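1. sequence and predicted model, in that order:
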Amino acid sequence: MSIRIEKPGLFSTIQDIGRYGYQKEGFSSAGALDRYSYRLGRQLIGNNGPAIEATIIGPTLQFLEDNTVVIAGAEFNATLNGNPFPHQTVVQVYKGDVLALNASIKGARGYLFFGHPIDVPEVAGSYATHTRTKMGGFHGRAFKKGDMVPVQYNDAYRKHVGFASDLDLIHEDTDAIRVVEGPQYESFPDESHEGLVSEPFEISEQSDRMGFRLKGPSIPPKNSADIISEPVALGSVQVPNDGNPIVLMNDKQTVGGYTKIATVCQSDLSVLAQKKPGQKVNFEWVTVEEAIQHLADYNKGFEAALEAVDKEPLFDIREMRTTSRRISELLEGDQS
């Protein structure tokens, strides 16, 4: 059983929640950049298989067997056999069907989950792809045209057909990104502390899963930005000698030798992950206590929304009537 990649999209990889416990050996956690959207998609599809993370321009897939599929996170101009494909709704697909995500219209990263889940080996306890070390996922790389992605048979693959969610995790109208003081905060002058939050920063075209490079006011340290290499946290705002900050993301190195003025709060990393190059963000200083409280409040609401997917699910009735719809399509085909 497999799915064929007709077009790979801009950068499409297999991801899960991430690879943990190996950073001391130098292995990045990798995993979904937007973990909230990832978890929503997994809840909707109803299994623990990994997802395809699609970036800005998504892949085109052909299903070689019947399956179910859902797209969570970024909203794409997606079509199934040329017809509009619903967002965050579990849909029945059939052998030969072609799903094209096309360009994203809201957000930057979407997550495709399948009722017959993707079947690739775990590496160090995770399916996540880390392309720089060629670890995990599909041969440790992004998809290419013609790739045959294996899937695992699941006799309950249709259980969640029609399940839908209107939970908006993109926060498109939000440009505020909370930060706490970084390990080398005192190595920066007051002008740099103020410069980080006084003007917006634009996400550079050079941004990727390793780090988001930002364009805006220069915020250099007092002296050299070079320090003895030390462990770096997810969301660290690293500032090289040119004064242009870089937010370290999931595929970051585990150690770094530049000064770090700030760290993005965990709850806002997913907001940042959904921003496209050219969009702007505004940083806000918060205390560690405020960051912890905001994360707790956000997680509480999110967990309640996840629980509602199973206990009080929304249904797209159009997708639940799969048998009659398929018969109608076949009859239309016979008449043409």
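-> Happy to help now that I have it. Residues are numbered from 1 along each chain as shown.
2. against which helices or strands is the helix of greatest length in the chain packed?
-> The single longest helix within the chain, with elements called by DSSP state H, is helix 288-311. Packing contacts for helix 288-311, counted by 3 or more CB pairs under 8 Å, 6 or more residues apart in numbering; DSSP states H and E, involve helix 35-45, strand 176-181, helix 266-273. C-betas here are computed from N, CA, C, even on glycine.
3. quick one: buried residues of it?
-> When neighbours are counted by 16 or more other CB atoms under 10 Å, the buried residues of helix 288-311 are found to be A291, H294, Y298, F302, A305, L306, V309.
4. try stretch 188-208
-> Those would be F188, S192, H193, G195, L196, V197, F201, I203, S204, S207, D208, for stretch 188-208 by 16+ other CB under 10 Å.
5. so the first one sits against S218, correct?
-> Just to be clear, that refers to F188. No - at 11.5 Å, F188 does not count as touching S218 under the criterion of CB atoms under 8 Å.
6. which of the buried residues of helix 288-311 lies closest to I227?
-> Closest approach between those and I227, by CB to CB: A291, at 23.7 Å.
7. list the contacts of that closest one.
-> R178, V180, C265, Q266, S267 (CB atoms under 8 Å, 6 or more residues apart in numbering).
8. for E303, see how far away it is.
-> 18 Å (CB to CB, to the nearest Å).
9. what do you get for N250?
-> To E303, N250 is 22 Å away according to CB to CB.
10. next: I118.
-> Taking CB to CB, one finds I118 at 25 Å from E303.
11. so what are the domain limits for the chain?
-> 2-170+312-335, 176-286 (automatic domain parsing).
12. show me what the mean pLDDT comes to for the last one.
-> Looking at domain 176-286 alone, the average pLDDT works out to 94.
13. between the two ends of stretch 89-108, how far is it?
-> Counting by CA to CA, to the nearest Å, you get 18 Å between the two ends of stretch 89-108.
14. residues of that stretch that come out buried?
-> 89-93, 97, 99-102, 104, 107-108.
15. show me how far stretch 200-216 is from its chain's centre.
-> Distance of stretch 200-216 from its chain centroid, counting by CA atoms, centre = their mean, to the nearest Å, is 16 Å.
16. quick check: end-to-end length of that stretch?
-> End to end - CA to CA - stretch 200-216 spans 7 Å.
17. quick check: the closest residue in space to G137 that isn't next to it in sequence vs G136, distance?
-> Of all residues not flanking G137 in the chain, T129 sits nearest, at 2.8 Å (CB to CB, 6 or more residues apart in numbering). Using CB to CB, we find T129 at a distance of 5 Å from G136.
18. name the residues contacting each of the two.
-> I14, A30.
19. circling back to that earlier point, could you dump the contacts of A291 to JSON lines with distance to L33 and neighbour count?
-> Listed next are the contacts of A291 as JSON lines, based on distance: CB to CB, whole Å; neighbours: other CB atoms under 10 Å:
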{"residue": "R178", "distance to L33": "17", "neighbour count": "21"}
{"residue": "V180", "distance to L33": "20", "neighbour count": "19"}
{"residue": "C265", "distance to L33": "15", "neighbour count": "22"}
{"residue": "Q266", "distance to L33": "13", "neighbour count": "18"}
{"residue": "S267", "distance to L33": "14", "neighbour count": "18"}
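20. what is the nearest of the residues you listed to A78?
-> Closest to A78, out of all of the contacts of A291 and judged by CB to CB, is S267, at 27.6 Å.
21. surely the closest one touches H294?
-> Yes - contact criterion CB under 8 Å: S267 and H294 qualify, at 5.7 Å.
22. shared neighbours of the two, anything?
-> By CB under 8 Å, 6+ apart, the residues touching both S267 and H294 are R178.
23. spatially nearest residue to I170 (excluding sequence neighbours)?
-> Leaving aside its chain neighbours, I170 sits nearest to G107 (4.0 Å; criterion: CB to CB, 6+ apart).
24. relative to D173, how far out is that neighbour?
-> 12 Å.
25. same question for D242.
-> 31 Å.
26. neighbour-wise, which of those two wins?
-> Between D242 and D173, D242 has the larger neighbour count (other CB atoms under 10 Å), namely 9 against 6.
27. surely the more buried one and P221 touch.
-> No - D242 lies out of contact with P221 (CB under 8 Å); the separation is 11.3 Å.
28. could I get the helices and strands packed on helix 288-311 as JSON lines with distance to I71?
-> As requested, the helices and strands packed on helix 288-311 are exported to JSON lines (distance: least, CB to CB, whole Å):
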{"stretch": "helix 35-45", "distance to I71": "7"}
{"stretch": "strand 176-181", "distance to I71": "25"}
{"stretch": "helix 266-273", "distance to I71": "16"}
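29. out of the ones you listed, which comes closest to V161?
-> Nearest of these (CB to CB): helix 35-45, 10.1 Å.
30. show me what the closest one is packed up against.
-> strand 51-55, strand 67-76, strand 104-114, helix 266-273, helix 288-311.
31. report the angle between it and helix 288-311.
-> 10 degrees (axes from the mean of the first three to the mean of the last three CA atoms, to 10 degrees).
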